[in-house]
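> predicted model and sequence below, questions to follow.
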Amino acid sequence: MTHLDIDSEEKEDLAEFLQQCLRSLKVEVAHTDHHAFRDMLKQKETVLERVLGKLQQGADR
């Protein structure tokens, strides 16, 4: 497991960036016809959602 020390401003900026990436990925997935590429995008979406969830969970503590 990797540990990353970031301050609250960095955490907020990172969460905002991940949310923007997720919005873009959702659009890309919706417009992609190639099955393998869509699957790869969905996998990336899952990873980003998991990281964002961990960031938000850390903010709740």
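Perfect, thanks for sending it.

> how about the lowest-mean-pLDDT helix or strand in the chain: buried residues?
Taking mean pLDDT, DSSP states H and E as the measure, the helix or strand of the chain with the lowest value is helix 35-60, at a mean of 92. By neighbour count, and taking 16 or more other C-beta atoms under 10 Å as the criterion, the buried residues in helix 35-60 are 41, 45, 48, 52, 55. Using the backbone N, CA and C atoms, a C-beta is placed for each residue, glycine as well.

> distance from the chain centre to that helix, please.
For helix 35-60, the distance from its own C-alpha centre to the chain's C-alpha centre is 4 Å (C-alpha atoms, centre = their mean, to the nearest Å).

> most centrally placed residue in the chain?
Nearest to the mean C-alpha position of the chain, by C-alpha atoms, centre = their mean, lies residue 48 at 2.3 Å.

> for that residue, give its distance to residue 33.
Between residue 48 and residue 33 the distance is 22 Å, computed by C-beta to C-beta, to the nearest Å.

> same deal with residue 20?
Taking C-beta to C-beta, one finds residue 20 at 24 Å from residue 33.

> ok, residue 15 next?
Going from residue 15 to residue 33 by C-beta to C-beta gives 31 Å.
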